[in-house]
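Enquirer: Compute the structure for the input listed below.
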Amino acid sequence: MKIVVAETSVIIRSGLASVLKRIPNLNAQPVEIGSPESLSHYMQMHTPDIVIANPTFGGWFDLLAFKASHERAASTRFMALVCSVIDQNVLKAYDGHFSICDDTDAISEHISRLLHTGDEEEDTGGADVLSQREKEIITCVVKGMTNKAIADKLFLSIHTIITHRRNIARKLQIHSPAGLTIYAIVNKLVALEDIKL
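Expert: Sure, this is the predicted structure:
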């Protein structure tokens, strides 16, 4: 899969390219591009599957104008790489987005969701849309563990746990530990006797 990483910062660009290569089942062939002119040149000769671009790429990256001026862009999906606070209306032009603070699991999930948009996957039950890591975190939350305790147990940072919990709430539309407890019992993630009362 050809994925273009369009970002002026070499550290961010190369770091994301490295992360993309490590995502299992993605078979990513990242191409690093450091300027809007280089991206324009590349798109005249190639049709990547995905372009991951910072919305502030080159000062300001006008995605709609870019798509209008490049016919190959019609079959390419565009994801925003959010590196700073950005107007949510800007992100509406993109097919998806993720944050520079997201971990590998979250990035993988965003790309997978982008690639499967419109598939019947959307209609499956909630347990199927969660990663194994998210299921582990739900189990820990239901058992009454704090974010710090979960982070220590799973050898992750507290920030990563918070990001996972935010993703879980968004996916399941469940925003309370009580709701997660019911979800975990119904989907057999925990046994009734494992729940801390």
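Enquirer: so where do the strands sit in this structure?
Expert: Counting by DSSP state E, the chain has these strands, from start to end: 2-6, 29-33, 50-53, 77-82, 96-99.
Enquirer: could you dump those strands to JSON lines with mean pLDDT and mean neighbour count?
Expert: (Each C-beta comes from the backbone N, C-alpha and C, glycine too.) Written out in JSON lines, the entries for these read as follows (pLDDT from 0 to 100; neighbours: other Cβ atoms under 10 Å):
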{"stretch": "strand 2-6", "mean pLDDT": "94", "mean neighbour count": "23"}
{"stretch": "strand 29-33", "mean pLDDT": "94", "mean neighbour count": "18"}
{"stretch": "strand 50-53", "mean pLDDT": "94", "mean neighbour count": "25"}
{"stretch": "strand 77-82", "mean pLDDT": "92", "mean neighbour count": "21"}
{"stretch": "strand 96-99", "mean pLDDT": "88", "mean neighbour count": "18"}
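Enquirer: Could you export the ones you listed to JSON lines, including columns for distance to L192?
Expert: Output for the strands of the chain, formatted as JSON lines (distance: least, Cβ to Cβ, whole Å):
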{"stretch": "strand 2-6", "distance to L192": "44"}
{"stretch": "strand 29-33", "distance to L192": "46"}
{"stretch": "strand 50-53", "distance to L192": "43"}
{"stretch": "strand 77-82", "distance to L192": "40"}
{"stretch": "strand 96-99", "distance to L192": "36"}
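Enquirer: between the ones you listed, which one is nearest to A151?
Expert: Each of the strands of the chain has some distance to A151 by Cβ to Cβ; the shortest is strand 96-99, at 18.5 Å.
Enquirer: Contact partners for H46?
Expert: The contact partners of H46, by Cβ atoms under 8 Å, 6 or more residues apart in numbering, come to K2, R72.
Enquirer: S40 contacts R72, correct?
Expert: No - with contact taken as Cβ atoms under 8 Å, S40 and R72 are classed as non-touching, separated by 10.7 Å.
Enquirer: Out of the strands of the chain, flag the one nearest G144.
Expert: Ranking the strands of the chain by distance to G144, with Cβ to Cβ as the measure, places strand 96-99 first at 28.7 Å.
Enquirer: just checking, what packs against the closest one?
Expert: Strand 96-99 is packed against strand 77-82, helix 104-115, with contacts defined by 3 or more Cβ pairs under 8 Å, 6 or more residues apart in numbering; DSSP states H and E.
Enquirer: Describe which strands it pairs with in its sheet and in which direction.
Expert: The partner list of strand 96-99 in its sheet, established with DSSP bridges, is strand 77-82 (parallel).
Enquirer: what sits up against the strand it pairs with?
Expert: Taking Cβ under 8 Å, 6+ apart as the criterion, the residues outside strand 77-82 that touch it are 5, 7, 12, 16, 49-55, 63, 67, 86, 90-91, 93-100, 110-111, 114-115.
Enquirer: Report the angle between it and helix 104-115.
Expert: Strand 77-82 and helix 104-115 are oriented at 150 degrees to each other (axes from the mean of the first three to the mean of the last three Cα atoms, to 10 degrees).
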